[in-house]
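Novice: A predicted structure for the sequence below; I have some questions about it.
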Amino acid sequence: MEEMIETLPQHTCSWLKDKMTMYKYQDFWAIKRHLEGGIQAQQSFKAEPSDVFLCSAPKTGTTWLKSLVFAIVTREKFDESTTPLLTKLAHECVPILEILQVKEHENNRKNSGLPLVATHFPYASLPKSVISSNCKIVYIYRNIKDVIVSNYHFRREAFKLPMEDAPFEEAFEEFYQGISNFGPYWDHVLGYWKASLERPDSILLLKYEDLKRDPTSNLKRLADFIGYPFSVDEEKAGVVDNIIRFCSFENMSNLEVNKTGKPNGGSLENRLYYRKAKDGDWKNYFTDEMKEKTDKLTDEKFNGTGLVLK
Ligand code: PAP
């Protein structure tokens, strides 16, 4: 596998002082570790109809979606004082397909009935059984310009580079050229968007900004879609509101585990997954030219699709 990956087109990120190399596989870019796990999953993962896939491009609301869906699915088992979300990063509560957590998912499915699995893989590269099993897929997506800024800070901080050593202009240009983790981002969104039009019963798209603007109806839509609807009594008892409040940025980012922890004892800090969560933060970083370039490319890519995402 490693030898095969080394034969793929490569890109080393100069704005990250050459500390990260991505490889182009099946029309998307990814780091070696994610490709190794993802390709193995493509070869061996057997999805079941009851599985729920949480899909996203990086920095579009993955951590939030995982918390919300985990809280929905486990609401009878845990309450706010016992949920694993208090002691583990959301990424550790929902196994990730491309970092070899397939076994963990299979054990979860068998032992605790937890059907959740997450992936950043583009739709066209999902293991074939994910499509043929007809399992549910939830895809979250977000304003492109905010994703670019979020990606910039996450990568920069992961490699412990101060802003003056990691030029935003270069990070922007790389992303704009389509070279981003699991990107081009435009193609990632379009893949799931088109699939959701063809298979609306199996694929639900959620927009980060909509979830923020109207969490209640979107959470209910989400719970209905994945087969864990809220009963009238639950709604009256405030279960929906409680999940929204518990999983809010304000609450989650202030939990000790998310302020000081590290996932699986690794080197990335949990706090990096909780930065600002502000819509429109791109305005603090983009020049007029960057905005125009991005909007123009977005118009070209999404022309005629009905997808609006600026
Ligand atoms: P990942 O793909 O690496 O897991 P992801 O969770 O998709 O990252 O995106 C992180 C973004 O979601 C961050 O955005 P920002 O950089 O613009 O601040 C992070 O702050 C935001 N985020 C994390 N948790 C929440 C939440 N509970 N509600 C809203 N936004 C959140």
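Specialist: Okay, I see it.
Novice: neighbouring contacts of the helix-or-strand element of the chain with minimal mean pLDDT?
Specialist: In the chain, no helix or strand scores lower on mean pLDDT, DSSP states H and E than helix 102-107, which sits at a mean of 78. For helix 102-107, contacts defined as CB atoms under 8 Å, 6 or more residues apart in numbering pick out 40, 41, 44, 45, 95, 97, 116, 117. (Glycine included, C-beta is placed from N, CA and C.)
Novice: Please flag which of these sit within strands.
Specialist: Among these, DSSP state E puts 116, 117 in strands.
Novice: Out of the contacts of helix 102-107, which is nearest to residue 227?
Specialist: residue 116 (12.0 Å; CB to CB).
Novice: If you count neighbours, what's buried in the least confident helix or strand of the chain?
Specialist: Across helix 102-107, burial judged by 16 or more other CB atoms under 10 Å covers 102, 104, 105.
Novice: ok, now stretch 212-219?
Specialist: Buried residues in stretch 212-219 (16+ other CB under 10 Å): 212, 215, 218, 219.
Novice: Check stretch 15-24 too.
Specialist: 15, 16, 20, 22, 23.
Novice: Three-state assignment for the last one, please.
Specialist: Okay, so that is residue 23. Counting by DSSP: H, G, I helix; E, B strand; the rest coil, the backbone at residue 23 sits in strand.
Novice: Mind listing the residues bridging to it?
Specialist: residue 10, residue 30 (DSSP bridges).
Novice: So it sits against residue 34, correct?
Specialist: No: taking contacts as CB atoms under 8 Å, residue 23 lies outside contact range of residue 34: 9.4 Å.
Novice: hang on, the earlier thing: out of the buried residues of helix 102-107, who's near the ligand?
Specialist: When the buried residues of helix 102-107 are checked against the ligand using CB under 6 Å from any ligand atom, none falls in range.
Novice: how about low-confidence regions in the stretch 151-300 of the chain?
Specialist: 265-266 (pLDDT under 70).
Novice: how far away is the residue of the chain most remote from its centre from residue 240?
Specialist: Relative to the centre of the chain, and counting by CA atoms, centre = their mean, the farthest-placed residue is residue 233 at 31.5 Å. Using CB to CB, to the nearest Å, residue 233 is found at 12 Å from residue 240.
Novice: what's the answer for residue 187, then?
Specialist: Counting by CB to CB, the gap between residue 187 and residue 240 amounts to 34 Å.
Novice: For the protein, which residues are neighbours of the ligand?
Specialist: 56, 58-64, 146, 150, 153, 247-249, 252, 273-277, 281.
Novice: so how far is stretch 224-232 off the chain centroid?
Specialist: Distance of stretch 224-232 from its chain centroid, counting by CA atoms, centre = their mean, to the nearest Å, is 22 Å.
Novice: Next one: the residue nearest to residue 41 when sequence neighbours are not counted, what pLDDT does it get?
Specialist: Computed as CB to CB, 6 or more residues apart in numbering, the closest residue to residue 41 that is not its neighbour in sequence is residue 97, at 4.8 Å. Residue 97 is assigned 92 on the pLDDT scale.
Novice: Please name the residues that touch residue 97.
Specialist: Taking CB under 8 Å, 6+ apart, one finds 37, 38, 41, 45, 105, 117, 118, 119, 121, 127 in contact with residue 97.
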